[in-house]
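1. Give me a model of this one.
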Amino acid sequence: MTPTTRQEDVRLTQFAHGGGCACKIPPGELEEVVSGLTAAPPAGADSPLLVGLDTGDDAAVVTLPGQEGTAVVSTADFFTPVVDDPYDWGRIAAANALSDVYAMGGRPVVAVNLLAWPRDRLPFALAREVLRGGLDVAAEAGCHVGGGHSVDDPEPKYGMAVTGVADPARLLRNDTGRAGLPLSLTKPLGLGVLNNRHKATGERFEQAIATMTALNREASAAALAAGVTCATDVTGFGLLGHLHKLARASGVTAVIDTTAVPYVEGAREAVRDGYVSGGTRRNLEWVAPYTDFGGTDADTRLLLADAQTSGGLLVAGEVPGAPVIGELLPGGPHSIVLK
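-> So this is what the prediction gives:
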């Protein structure tokens, strides 16, 4: 960047090959990489691991020795720019990282920043705005930010490692769903296609930014208050990908009423106009063998697999104010059935 370039003219999304959670390693490839990497408890460990890698849940959970009523929730999440505004990107990335704690029924306590920055190409004034956005959202969540780690990198990346606490007897997990429970979704879908359109055209979608920066705190608290035990958040693997993981872990079949699923304004038009990320197409390819699509049209399939960034909670139970989009049934030949 030349010294005369104005910060407001910088389009951060143009400095990355993709954007947001659409840059995740494809779920099928990731599962192959981590297959068999679960291990016996390390020698001398005095904190049982309640939730680990086995079911691909949202965060790790351990109990504290001598404090049976408190569990520690640990997670990390970071990604390339999903929007051009650095402050908004920081807010979105922080909300997304905090979401993993909320998805486990926890409360975030402290976070550290994870920052990769092309120091020879982008001014640090922009990095400061990214960090300020993350700090403001963490403050909204009542979560301390205590420093972090940075590296020089060809692509800008930002996120957080977050530590939270939860009641081990009241966790939200992805393997505790049971037949007969309704499925609720607390945020609309379509964030990925709108972000992809933003990257391609520079159009700004306020409704998408508002959705991505909204914390899942209230949704998590409402789920716990309703006695829910099964939930996950909807991020880079799309609704279908995360739902497949939940149904597989719980040994059930998820039936989705496609007419009940909410979408962010402009999402269908973005799919129609071709703003679909490679991550979304890989999500759809991954779930296809496990899904009965019925007569669902191609655009709806893509939206259901859309790679979300800082999406909502998918809850096996009813959450006040959230639409019920389906139900869990006894396990069958498919983990997902669309109607």
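2. alpha carbons only for contacts and neighbour counts from here, please
-> Will do.
3. Could you verify my assumption that Val130 touches Ile92?
-> No: in this structure, Val130 is not within contact of Ile92 by C-alpha atoms under 8 Å, at 9.7 Å.
4. Please say which of these two ends up with more neighbours.
-> Between Val130 and Ile92, Ile92 has the larger neighbour count (other C-alpha atoms under 10 Å), namely 31 against 26.
5. Wait, a strand at that one?
-> No: according to DSSP: H, G, I helix; E, B strand; the rest coil, Ile92 belongs to no strand; its state is helix.
6. Spit out the contact partners of the nearest residue to it once chain neighbours are set aside.
-> Counting by C-alpha to C-alpha, 6 or more residues apart in numbering, Thr213 is the residue found nearest to Ile92 once chain neighbours are left out, at 4.8 Å. The contact partners of Thr213, by C-alpha atoms under 8 Å, 6 or more residues apart in numbering, come to Asp88, Arg91, Ile92, Ala95, Asn96, Val137, Ser310.
7. can you list contacts of stretch 293-302?
-> Thr258, Arg268, Val271, Arg272, Val276, Thr280, Arg281, Leu284, Val337, Leu338, Lys339.
8. Excluding chain neighbours, what is closest to the first one?
-> Okay, so that is Thr258. Once flanking residues are discounted, Thr258 sits nearest to Lys339: 6.0 Å by C-alpha to C-alpha, 6+ apart.
9. wouldn't the one you found be in contact with Val255 here?
-> Yes: with contact defined as C-alpha under 8 Å, Lys339 reaches Val255; the gap is 7.2 Å.
10. hang on, the earlier thing: near the residue nearest to Thr258, how many other residues are there?
-> 14.
11. now Ala260
-> Neighbours of Ala260 using other C-alpha under 10 Å come to 12.
12. Provide a list of residues in contact with it.
-> Pro323, Val324, Ile325, Gly326.
13. before we move on, back to that, and the contacts of stretch 293-302, which of them are in helices?
-> Arg268, Val271, Arg272, Thr280, Arg281, Leu284 (DSSP state H).
14. most neighbours, which of those?
-> Highest neighbour count within the ones in helices among the contacts of stretch 293-302, by other C-alpha under 10 Å: Thr280, with 28 neighbours.
15. so when I look at Leu115, I'm seeing a helix, right?
-> No: the assignment for Leu115 by three-state DSSP gives strand, which leaves it out of any helix.
16. how about the helices in the stretch 201-339 of the chain?
-> For the stretch 201-339 of the chain, applying DSSP state H, counting those that start in this stretch gives helices covering 206-213, 217-225, 238-250, 267-272, 278-287, 298-304.
17. Now do the second one: which elements does it pack against?
-> Other helices and strands packing on helix 217-225, by 3 or more C-alpha pairs under 8 Å, 6 or more residues apart in numbering; DSSP states H and E, are helix 86-103, strand 313-316.
18. how about the helices of the stretch 201-339 of the chain, which one is nearest Gly142?
-> Checking the helices of the stretch 201-339 of the chain against Gly142 by C-alpha to C-alpha gives helix 217-225 as the closest, at 10.5 Å.
19. May I see the buried residues of that closest one?
-> By 16 or more other C-alpha atoms under 10 Å, the buried positions in helix 217-225 come out as Arg217, Ala219, Ser220, Ala221, Ala222, Ala223, Leu224.
20. now that helix and helix 86-103, what's the angle there?
-> Relative orientation of helix 217-225 and helix 86-103, computed by axes from the mean of the first three to the mean of the last three C-alpha atoms, to 10 degrees: 10 degrees.
21. and helix 217-225, how far out from the chain's middle?
-> Counting by C-alpha atoms, centre = their mean, to the nearest Å, helix 217-225 is centred 17 Å from the centre of its parent chain.
22. what are the ranges of the helices in the stretch 1-150 of the chain?
-> 27-34, 86-103, 124-140.
23. And the residue nearest the centre of the protein?
-> The centroid of the chain falls nearest to Thr235 when counting by C-alpha atoms, centre = their mean (3.0 Å).
24. Which residue, other than its chain neighbours, is closest to Ser250?
-> Asp175 (4.3 Å).
25. Roughly how far does the closest residue to Gly321 other than its chain neighbours sit from Gly317?
-> The shortest distance from Gly321 to any non-neighbouring residue, by C-alpha to C-alpha, 6+ apart, is to Thr186 (7.9 Å). Separation of Thr186 from Gly317 (C-alpha to C-alpha, to the nearest Å) stands at 11 Å.
26. Can you say which of the helices and strands packed on helix 217-225 is nearest to Leu114?
-> Comparing the helices and strands packed on helix 217-225 by C-alpha to C-alpha, helix 86-103 comes nearest, at 10.2 Å.
27. For the residue nearest to Gly164 when sequence neighbours are not counted, grab the count of nearby residues.
-> Counting by C-alpha to C-alpha, 6+ apart, Pro108 is the residue found nearest to Gly164 once chain neighbours are left out, at 3.9 Å. By other C-alpha under 10 Å, the residues close to Pro108 number 26.
28. Let me know whether Pro108 touches Val137 as I believe.
-> No: counting by C-alpha under 8 Å, Pro108 sits too far from Val137 to count as a contact (11.6 Å).
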